[in-house]
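K.L.:
my questions concern the predicted model and sequence given below.
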Amino acid sequence: MFKKILIANRGEIACRVAATARRLGIKTVAVYSDADAGAKHVAACDEAVHIGASSPKDSYLRWPAILAAAQATGAQAIHPGYGFLSENEEFAQACADAGLVFIGPPPSAIKDMGLKAESKQLMERAGVPLVPGYHGANQDPALLQAEADRIGYPVLIKASAGGGGKGMRAVDRSEDFAAALASCQREARNSFGDDAVLIEKYVQRPRHIEIQVFGDTHGNIVYLFERDCSVQRRHQKVLEEAPAPGMTPELRAQMGLAAVAAARAVNYVGAGTVEFIVEQRAGGDMNFFFMEMNTRLQVEHPVTEAITGLDLVEWQLRVAAGEPLPLRQDQLQIKGHAIEARICAENPERQFLPATGRLDHYRKPAHDSFNIASLRFDDGVREGDEISPFYDSMVAKLIVHGDTREQALARLDDALAQTHIVGLATNVQFLRRVLRSDSFAGADLDTALIERERAVLFGQDEVGLPLAVAAAVAQTLLAERAAEGADPFSRTDGWRSHGVFARRFAFDYLGERVAATLSYQRDAALQLSVGEDAAAVSGPLQFTPRQGGDWALDIRFGAQRSLATVYLDGERVELFTPQGAAQLVEIDLLAHAGDSGAEAGRLTAPMPGKVVAFLVAAGERVAQGQPLAVMEAMKMEHTIAAPAAGVVTELLYAVGDQVGDGAELLKLELELAPA
């Protein structure tokens, strides 16, 4: 076994690998960029080496600097994690040339499976089922258009060298193909340095089911069952579970053997994942097609660990050290059900735009980190850390395990309810809605689940206006109580020698201005009016202190009652309840008395990022909804469209410029509607 390894990655996966290495008595070396100088993964390792600036191309993708760090620290092997250099055959070969063990497959396997078109041809020869499509080398746009027309719409354009949903677009009509192709190629060039694409038939109501495979240097290959990764947004996974609901033993064996055949075709060694698109047919039958093979450890590997009781990183290390696989196929068993939720810094209500900012409050449920347990929380951040625009938007992974799927669902919802992140937008509450949707709860899965359940997943208010306002008012009173004096006239419980005292509040809640009045009655009772609703309210001055300086409030508004944890951040009030979460902004009634609407015709960046294209020129007339500019942030492209018809008067940045959140990109003179 190795004595020291270097982890060529960052964040959660670097912490994950370091934990297993520590348990096995292996020393670890971290690498870090300028942005990650104080990161959690740096502290998790025994040594750390600075390798460059914040941008991945200047640090985590600079493999000569990583090799130099390994040699300088005496590391014997390099674990690439996932992303970055994990599927780069040149890096894997450079490790071997430098006398270092690459903890992954041989370079030839990465190369064979790295280009989707060539891998499809290889799989066809190996007898693995394929989706109808075009996988050729000719990348002439006219030919690609003709092939898409021949296959029949809808089709899927996919970057040949891609992964993680980047460089991928679904196209429903022939007239939309050219624009989608250009966007895919641009994103593929930026992400992978290769703009080649392939075209495939877009399977209706598909499920995304993948098989975990493992090979060793002694010729043994096994499959560790399947994961269902059908719940996706922007072709990126949101929830993953194992085993796949509805999977029969016969289909599991067929898919497992096909995955092993795929791995054998490239003499695979180490951890890999063979991804299949599964067509759901009438009567419940399922037909599967090879999609791609990821020649690395997957983000969702913990659900496989949970149902098998194995540590896949340990398997990686043992196989890379030349040991045989610890178990044979007939020794592997499925135990219970596991689900993983990806907690991301993003705003689901704004088409999942990535979010950046500081983790002002970061509360997690009681859990085990990197262990096989009923509740596991894998992350690479700490309270106070910044989520920057340089890297992926994933903050953490929450994994639960239960005897049944129903038990795992209940545990995951409860754990998400206890996950409080304040300081930037996240998808935590969105994940809870997905879990509670009829489709997911009933295991009616396909890759369009989010769109199909849109009515219950977006624009929801689980807390309710009265309770949300009552909690916000309660938190204000608590802050005042902490500063109250000894004399009766400074007390904050509303004591008066006679009469009734009333206080006015105003909040912004779900984009609407809400007025509230708190009346202190002579008997110290409180009555709260929220809009047209009024009720006795109790609980604001009954509180239980909790670790970290926040409070658990027992809020009661009439017949409604809930426990709420409330956090204050300036004028922003964040509250979390078992039912859901809410955000209010307290309005200073004097300071905001004359506020007016936003300036018309002003288009701003929805997040920090880079301008990759302007699709219009100054002086050009545009229609409502017409794409105007394309930005890139957190490895994804985002299109800014015209809010109304008008004329572009000025472009304020150049292509390639980095812009901040809210930066004005261009000026648009709106056309007035006819009177």
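P.N.:
Structure received.

K.L.:
Leu563 touches Pro578, doesn't it?
P.N.:
Yes: in this structure Leu563 lies within contact range of Pro578 using C-beta atoms under 8 Å: 6.6 Å. Where you see a C-beta, it was placed from the backbone N, CA and C, and this is true even at glycine.

K.L.:
where are the low-confidence patches of this structure?
P.N.:
The chain contains residues with pLDDT under 70 at 163-164, 369-372, 479-500, 522-524, 535-551, 589-602, 634-636, 672-675.

K.L.:
for the residue most central in space within it, which non-adjacent residue is closest in space?
P.N.:
The residue lying closest to the centre of the chain (C-alpha atoms, centre = their mean) is Cys344, at 3.7 Å. Excluding the flanking residues, the one nearest Cys344 by C-beta to C-beta, 6 or more residues apart in numbering is Ser393, at 4.6 Å.

K.L.:
list phi and psi for Asp392.
P.N.:
phi -60, psi 150 (degrees, to the nearest 10).

K.L.:
so it makes contact with Phe84?
P.N.:
No: the pair Asp392 and Phe84 does not pass the contact test of C-beta under 8 Å, sitting 10.0 Å apart.

K.L.:
what sits against the residue nearest to the centre of the chain?
P.N.:
Pro354, Ser393, Met394, Val395, Thr426, Asn427 (C-beta atoms under 8 Å, 6 or more residues apart in numbering).

K.L.:
any idea how far Asp58 is from Gly402?
P.N.:
In this view, Asp58 and Gly402 are 44 Å apart by C-beta to C-beta, to the nearest Å.

K.L.:
neighbour-wise, which of those two wins?
P.N.:
Gly402 (19 against 15; other C-beta atoms under 10 Å).

K.L.:
for the more buried one, what are its contacts?
P.N.:
Gly336, His337, Ala338, Ser374, Ala408, Leu409, Ala410, Arg411.

K.L.:
host element of Arg22?
P.N.:
helix 11-23 (DSSP states H and E).

K.L.:
so how far is that helix off the chain centroid?
P.N.:
Centre-to-centre, helix 11-23 and its host chain are 20 Å apart (C-alpha atoms, centre = their mean, to the nearest Å).

K.L.:
the nearest residue to Arg318 once chain neighbours are set aside: neighbouring residues, count only.
P.N.:
Setting aside the residues directly before and after it, Arg318 is nearest to Pro326 in space (C-beta to C-beta, 6+ apart), at 6.8 Å. Per other C-beta under 10 Å, the neighbour tally for Pro326 reads 15.

K.L.:
now do the same for Pro326: helix, strand or coil?
P.N.:
Following DSSP: H, G, I helix; E, B strand; the rest coil, we place Pro326 in the coil state.

K.L.:
please look at it and Val319 and confirm they touch.
P.N.:
No: if you go by C-beta under 8 Å, Pro326 and Val319 don't touch, sitting 9.2 Å apart.

K.L.:
contacts only, for the residue nearest to Cys344.
P.N.:
Applying C-beta under 8 Å, 6+ apart, the residues contacting Ser393 are Cys344, Ala345, Glu346, Pro354, Ala355, Ile387, Met634.

K.L.:
need phi/psi at it.
P.N.:
Here Ser393 shows phi and psi, under degrees, to the nearest 10, equal to phi -80, psi 0.

K.L.:
out of the contacts of Gly402, which sit inside helices?
P.N.:
Ala408, Leu409, Ala410, Arg411 (DSSP state H).

K.L.:
name the nearest residue to the second one, ignoring sequence neighbours.
P.N.:
In space, Leu409 comes closest to Leu435 once its chain neighbours are excluded; the distance is 5.9 Å by C-beta to C-beta, 6+ apart.

K.L.:
hang on, that neighbour in a helix?
P.N.:
Yes: Leu435 forms part of a helix when assessed by three-state DSSP.

K.L.:
can you pull the contacts of it?
P.N.:
So Leu435 contacts Leu239, Leu409, Leu412, Asp413, Leu416, Ala441 (C-beta under 8 Å, 6+ apart).

K.L.:
which among those residues end up buried?
P.N.:
For those, a burial check counting by 16 or more other C-beta atoms under 10 Å picks out Leu239, Leu409, Leu412, Asp413, Leu416.

K.L.:
how far away is the second one from Arg227?
P.N.:
Going from Leu409 to Arg227 by C-beta to C-beta gives 16 Å.

K.L.:
quick one: neighbours of Ala663, just the number.
P.N.:
17.

K.L.:
how near is it to Gln316?
P.N.:
Distance from Ala663 to Gln316, by C-beta to C-beta: 43 Å.

K.L.:
out of everything not next to it in sequence, what's closest to Gln658?
P.N.:
Lys610 (5.4 Å).

K.L.:
element containing the one you found?
P.N.:
Going by DSSP H and E, Lys610 is in strand 609-614.

K.L.:
what helices or strands is the helix or strand in which Leu156 is found leaning on?
P.N.:
If you go by DSSP H and E, Leu156 is part of strand 155-159. Contact here means 3 or more C-beta pairs under 8 Å, 6 or more residues apart in numbering; DSSP states H and E; on that basis strand 155-159 packs against strand 168-171, helix 177-192, strand 197-201.

K.L.:
which of those sits closest to Pro106?
P.N.:
Ranking the helices and strands packed on strand 155-159 by proximity to Pro106 (C-beta to C-beta) places helix 177-192 first, at 20.4 Å.

K.L.:
put the alpha carbons of that closest one into CSV.
P.N.:
Extracted in CSV, the C-alpha atoms of helix 177-192 (Å, rounded to 0.1, in the frame of the first residue of the first chain):
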residue,chain,number,x,y,z
PHE,A,177,-30.7,23.2,-34.5
ALA,A,178,-28.1,25.6,-35.8
ALA,A,179,-28.3,27.9,-32.8
ALA,A,180,-28.2,25.0,-30.4
LEU,A,181,-25.2,23.5,-32.2
ALA,A,182,-23.2,26.7,-32.0
SER,A,183,-23.9,27.0,-28.3
CYS,A,184,-22.9,23.4,-27.6
GLN,A,185,-19.7,23.8,-29.5
ARG,A,186,-18.8,27.0,-27.8
GLU,A,187,-19.4,25.5,-24.3
ALA,A,188,-17.5,22.3,-25.3
ARG,A,189,-14.5,24.4,-26.4
ASN,A,190,-14.5,26.3,-23.1
SER,A,191,-14.9,23.3,-20.9
PHE,A,192,-12.9,20.6,-22.7
